[in-house]
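Chemist: Just the structure for this:
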Amino acid sequence: MMKKTYLTIIVLVLVISFIFGAVCYRPNINTATIEELTEIRGIGEVLSNRISLYLDTNKNATFEDIEDIDGIGEYRIELLKQKWSD
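Modeler: From the prediction side, this is the model:
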């Protein structure tokens, strides 16, 4: 009986950890592809290309760096922050 209880607890902890990790994980903006950026509301193909070109030449960019791109303002930075980390 005790082994079954421990096994149940371990399985529950693993499932909760997996779910929590999947929900909280945000990939780094520097690894974003054009396709992934285009999926974000408010970021179309043109801005995705601009961001991608900027990230190709500016490794380890922060959101403040990306804000320098023409057409990217505080609103779009907030949209990016919802999906990505820097």
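Chemist: can you map out the helices along the protein?
Modeler: Assigned by DSSP state H, the helices in the chain fall at 2-24, 34-38, 45-57, 63-66, 74-83.
Chemist: Go ahead and produce PDB holding the CA coordinates of the shortest one.
Modeler: Extracted C-alpha coordinates of helix 63-66, given in PDB (Å, rounded to 0.1, in the frame of the first residue of the first chain):
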ATOM      1  CA  PHE A  63      14.000  43.700 -26.400                       C
ATOM      2  CA  GLU A  64      15.400  47.200 -25.900                       C
ATOM      3  CA  ASP A  65      17.700  46.500 -28.900                       C
ATOM      4  CA  ILE A  66      14.900  45.200 -31.000                       C
END
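Chemist: Could you check that helix and say which residues are buried?
Modeler: Buried residues in helix 63-66, counting neighbours by 16 or more other C-beta atoms under 10 Å, are found at 63, 66. Heads up, the C-betas are built off the backbone N, CA and C, glycines and all.
Chemist: Same question for stretch 51-58.
Modeler: For stretch 51-58, by 16+ other C-beta under 10 Å, it's 51-52, 55.
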